[in-house]
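K.L.:
here is my input, please return the structure:
(chains A, B and C)
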Amino acid sequence: MKKLYILLDNKILFLIIIAICLASLLKPWLLINGILIGSLYSLGAIGLSLIYGNLKFANMAHGDFMTLSAYVALTLMMFLFPNSENSASVGPFTFKYELLLVIPLAVIIIGLMATVFDKLIFKKLRTLNATSAAIALCSLGLAVGLRGLIQFIWGTDSRSFPRESKLFWDLPFRIKIPPDMFFCAVVAVIIATIFYLVLFKTTLGKAIRATSDNPDLARITGINTDRIILYIWFIGGILAATAGILISVQQALITPVMGWKILIPLFASVIVGGIGNPIGALMGGILIGITGELATGWINPSYKPAVYFFVLLIVLLLRPNGILGNKGRQF
Amino acid sequence: MDSILYFFIGFLIMSGIYSVFTVGLNIHWGQTGLFNIGIASFFLLGAYTAAIFSSPSPSLAKYEEYLWGGNLSQLTFFGIDIWFPIILLLSAFICVLVAIPLSMITIRLKEDYLALVTLGLAETLRIVFVNETWLANGTRGMYSIPRPFDYINIGNYDYIYFVVVAVTLLLVYLIAQRATNSPWGRVLRGIKDNENTMISSGKNVLKFKVEAFAFGAGIMGVGGALFTHGKRFVDPITFEPMLATFIIWSMLMVGGSGNNKGAIFGSFLMWGIWTFTQFLPGFLSDANLRFVFVGLIIVIFQLYKPQGIIPAK
Amino acid sequence: MKTNIPIFIAKEITAGYGEQVIIRNINLELYESTITTIIGPNGCGKSTFLKSISGIIKPFEGNVIINDIEVTSLNTFELSKIGLGYVPQSENIFSSLSVIDNLKMGGYILDNKKYKINLNKVLEMFPDLKTRLFDSASNLSGGQRQMLALSRALMLDPKIIMLDEPTAGLSPVIVDEVLDNIISLRKSNITVLLVEQNAKKALSISDNGVVFSFGEKVIEDNAKNILQNKQISKLYLGGK
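P.N.:
Okay, here's the model as predicted:
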């Protein structure tokens, strides 16, 4: 069985790459769509990768953090700027200037909320030496509870931010780019880069990596690992929150299940890029996006989630440590 | 008085059906430590198998309206009562058929990867059944699924179905107990407690895990079939994760992860809370609060009482 | 050079893991600028003892007093500030970080000036590391890892340093190097507590020796006396 794997392994990957290249040549607008949609997944994946890589469990509640932040931002918007329906939108984008003021507030709230969850729930699990699966199960309970709370407070109807319709940018080869998506893509690249620099060039980032590498040694060294973990949750929460708001701006829709629905492609992006690697999450998201969009050129678009599932499956079987040649998972 | 009894019987039937699912999950998680959050997959497969194979094939007159699956018209000819146990076994069989290759592919993976795969599978199956309307009528769903033993005339049919469910549950429980207390079951528990020890003692851990996964899946399939015949209607929306996966997890966590009695107890308790909270005053009866409650149960029990109310011996 | 008052006292330490008790009623005093080595058969609790007095695990019973301060209840990361250094036996470096980052983490709680001073001191002592500052710690050889692990601990200017089997798995030449480094620690007025399998070599550089057996301290004496004691030699040092 194992020998069969190794034999087929490289051939399968080769075929996949050829397929993607061919498809992109035949329908280039799908490639561009894929890159743009993929960058949305990247946004969510960066935060998820941080938590998966450093806290060593699959946070099933990540999607619901994203959803919650969109609703919180909406509520802040309506409360602080009730007239924003009539105000000006930013440049070629659909959102209003007021949103830019609301975003920092909303993401900090979600970041703090994430640290509260750590104090209430995950810290205890750590002291119990719970397995990664047990912690993930707990985060699943948290996800379900959060979604119920969101539906309870805001109802199940879909909402959206105050927006102004804008034209797509028309490019050759039938490529149409919604300006919002372009904005999100740029933000994703910026965030991934900033975050990579933080993790690898700052002392805090190194302390985070040290804590996740060897928590006992980190403590001996004088690092307050509990506080570092709170930072990890805070940053993870902020990243999730940013992703949630931007995604709901881009799709002009806020629904209670929006975060949960993209959990599979998010995890696929994280795993493809190598768990814990922010640049990997960026690339992983784009790759997942490309694969999904290209597939819709040939099969029923409602099957996109199935495509993401298959990509996840293939990656887990052939390259569970990611395709960037990372050390990958160490737990 | 009559309607209260009627309501109560309905509650018992659903609790019994969910008990079957929870016993299946117990085999997966409680016994072997397999992290399956796609229970909905096997629920769905079992339910649709039962629906497809027990429904009459389309008659020409109704062809324009429906696109049924199924072709075993002789089932209705003989009456499905003789064939009902066959339907249950068939549902279990289809689930096992899907579970074996799936677990062989994924069983090497870490537990949380398995969780992601099972989650994705559930969603994928749902989409398949929504889009492939030739299979099972897509989102319209399949109606008027026949009732087993409905020629027995004692007034309210639900009493009959209650007996059907109770007997099935009893059989499932006995089989599961037999399995979990056997040497095979002990190996599974060993795998959950300390996989490395099991590996070094020479056991083919992967084989056992695949067997456990298939066994649990089969049980869940039986639950799906019971569900279909009870509700007499099935559509893809039935299998959205809240009622087809998460509530079952909360049932296992509450009742007792690792023992079948606890699984059944937890099902009755949680379904009781789910059903009876609709009678609470004011906003407390809001369905969304039940979601919150299910989530809370999973978290609180994981933190403070991971063995559940009825601990395994 | 001994002073009269011990700078480290472990009183009646009983410790273990979960419900299992590994060591019972251990008493130990350390004096400034001395090297003490703990020896004993595998599984007798030497490592557990070190862990229980350096904050890694909390003892079930007993106290640890450093310079007249009761430290038993302090958090692990607070102990580093009191001048206690500890180097575990395995997993004693951050393998996903570079050498210089390992040292940076060692000096995490120091201000910039102190960090630079200590970094230079440490690189002075282990010039080998200077040439490999930006390499990943996972690429170091066994001996270099030990050096890095020790330097990491030295970044905090510990007054007392505890080493768990620092020569484990090293070739005899490197073992001697490591032991030489430990001697120079004593020269810098650092108190060293050592757990070692290489009992003979370790005792030969030590002032005091302690013998553990089945979780209890059975012998404590001048290191020279232990080396010359034929009975102990046979039982614990591989005999003559």
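K.L.:
burial count for the residue in the stretch 1-150 of chain B positioned nearest to chain C?
P.N.:
Nearest residue of the stretch 1-150 of chain B to chain C: B:K110, at 19.1 Å (C-beta to the nearest C-beta). (Each C-beta comes from the backbone N, C-alpha and C, glycine too.) Using other C-beta atoms under 10 Å in any protein chain shown, B:K110 has 17 neighbouring residues.
K.L.:
repeat that for B:M242.
P.N.:
Neighbourhood size, B:M242 [other C-beta under 10 Å]: 16.
K.L.:
would you confirm that the residue of the stretch 1-150 of chain B closest to chain C contacts A:T131?
P.N.:
No. B:K110 is beyond contact range of A:T131, at 9.9 Å (criterion: C-beta atoms under 8 Å).
K.L.:
pLDDT at A:G325, what is it?
P.N.:
The model reports A:G325 with a pLDDT of 56.
K.L.:
contacting residues for residue 63?
P.N.:
Using chain A here. A:44, A:143, A:258-263, A:266 (C-beta atoms under 8 Å, 6 or more residues apart in numbering or on different chains).
K.L.:
the chain in question should be chain C.
P.N.:
Taking C-beta under 8 Å, 6+ apart, one finds C:9-13, C:70, C:72 in contact with C:N63.
K.L.:
before we move on, what SS does it have?
P.N.:
strand (DSSP: H, G, I helix; E, B strand; the rest coil).
K.L.:
any idea how far it lies from C:S73?
P.N.:
9 Å (C-beta to C-beta, to the nearest Å).
K.L.:
around chain B, pick out the residues from the stretch 201-331 of chain A.
P.N.:
With the criterion set to C-beta under 8 Å from any C-beta of the partner chain, the stretch 201-331 of chain A comes near chain B through A:263-264, A:267, A:271, A:300, A:302-303, A:305-306, A:308-309, A:312-313, A:316-317, A:320, A:329.
K.L.:
filter these to the buried ones?
P.N.:
A:263-264, A:267, A:271, A:303, A:305-306, A:308-309, A:312-313, A:316-317, A:320, A:329 (16 or more other C-beta atoms under 10 Å in any protein chain shown).
K.L.:
so which of these is the closest to B:S19?
P.N.:
A:L263 (28.6 Å; C-beta to C-beta).
K.L.:
and the pLDDT at the residue of the stretch 1-150 of chain B closest to chain C?
P.N.:
Reading off the model, B:K110 has pLDDT 81.
K.L.:
if I look at it, how far off is chain A?
P.N.:
Going from B:K110 to chain A by C-beta to the nearest C-beta, to the nearest Å gives 7 Å.
K.L.:
and the helices in chain C?
P.N.:
Per DSSP state H, chain C carries helices over the ranges C:46-53, C:76-79, C:99-106, C:112-125, C:127-130, C:142-154, C:172-187, C:199-205, C:223-228, C:230-236.
K.L.:
compare those helices and give me the one nearest chain B.
P.N.:
Here helix C:46-53 is closest among the helices of chain C (C-beta to the nearest C-beta), at 21.0 Å.
K.L.:
hang on, the earlier thing: between the contacts of C:N63, identify the one with the most neighbours.
P.N.:
C:I13 (24 neighbours).
K.L.:
any stretches of the chain with poor pLDDT?
P.N.:
No chain was given, so I picked chain A. A:1-9, A:324-331 (pLDDT under 70).
K.L.:
I was after chain C.
P.N.:
C:1-3, C:236-240.
K.L.:
near chain A, which residues of it?
P.N.:
So chain C meets chain A at C:54-56, C:75-77, C:79-81, C:86, C:88, C:91-97, C:101, C:104-106, C:108-109, C:152-153, C:156 (C-beta under 8 Å from any C-beta).
K.L.:
try it again at 6 Å.
P.N.:
Listed as neighbours of chain A in chain C under the rule C-beta under 6 Å from any C-beta of the partner chain: C:76-77, C:80, C:86, C:91, C:94, C:96, C:101, C:105-106, C:108-109.
K.L.:
point me to the residue of chain C nearest chain B.
P.N.:
C:G18 (14.2 Å).
K.L.:
okay, now that residue: neighbour count?
P.N.:
5.
K.L.:
repeat for the one 5 residues further on
P.N.:
Taking other C-beta under 10 Å as the criterion, the count of residues near C:I23 is 25.
K.L.:
contact partners for residue 143?
P.N.:
No chain specified, so I'll use chain A. A:60-61, A:64 (C-beta atoms under 6 Å, 6 or more residues apart in numbering or on different chains).
K.L.:
oops, chain C please
P.N.:
Residues near C:G143 by C-beta under 6 Å, 6+ apart: C:170, C:174.
K.L.:
and B:V96, by the same measure?
P.N.:
Neighbours of B:V96 in contact, by C-beta under 6 Å, 6+ apart: B:214, B:217-218.
K.L.:
can you say which helix or strand has it in it?
P.N.:
helix B:80-106 (DSSP states H and E).
K.L.:
how near is A:W29 to A:I35?
P.N.:
Going from A:W29 to A:I35 by C-beta to C-beta gives 11 Å.
K.L.:
do the same with C:F134
P.N.:
In terms of C-beta to C-beta, C:F134 sits 34 Å off from A:I35.
K.L.:
close to chain A: what parts of chain B are there?
P.N.:
Within chain B, the positions near chain A by C-beta under 6 Å from any C-beta are B:35, B:109, B:111-113, B:116, B:120, B:123-124, B:127, B:131, B:246, B:286, B:288-289, B:291-292, B:294-296, B:298-299, B:302-303.
K.L.:
try it again with 7 Å
P.N.:
B:35, B:37, B:105, B:109, B:111-113, B:115-117, B:119-121, B:123-124, B:127, B:131, B:246, B:286, B:288-289, B:291-292, B:294-296, B:298-299, B:302-303 (C-beta under 7 Å from any C-beta of the partner chain).
K.L.:
circling back: and the contacts of C:N63, which is closest to chain A?
P.N.:
C:T72 (16.0 Å).
K.L.:
and residue 52, how many neighbours does it have?
P.N.:
By default, I'm working from chain A. Neighbours of A:Y52 (other C-beta under 10 Å): 26.
K.L.:
the chain in question should be chain C.
P.N.:
Around C:S52 there are 25 residues (other C-beta under 10 Å).
K.L.:
quick one, strands of chain A?
P.N.:
Taking DSSP state E as the criterion, chain A carries its strands at A:169-171, A:175-177.
K.L.:
in its sheet, what does the first one sit against?
P.N.:
It refers to strand A:169-171. strand A:175-177 (antiparallel) (DSSP bridges).
K.L.:
in the strand it pairs with, what's buried?
P.N.:
By 16+ other C-beta under 10 Å, the buried positions in strand A:175-177 come out as A:I177.
K.L.:
can you tell me what sits against it?
P.N.:
A:28-29, A:32, A:36, A:168-171 (C-beta atoms under 7 Å, 6 or more residues apart in numbering or on different chains).
K.L.:
for those, pick the one with the most neighbours.
P.N.:
A:L36 (23 neighbours).
K.L.:
surely that residue and A:A185 touch.
P.N.:
Yes. Using C-beta atoms under 7 Å, A:L36 is in contact with A:A185, at 5.4 Å.
K.L.:
once you drop chain neighbours, what's closest to the closest residue to chain C within the stretch 201-313 of chain B?
P.N.:
Residue of the stretch 201-313 of chain B nearest chain C, by C-beta to the nearest C-beta: B:P306 (16.3 Å). Spatial nearest neighbour of B:P306, chain neighbours left out: B:S257 (6.7 Å); criterion: C-beta to C-beta, 6 or more residues apart in numbering or on different chains.
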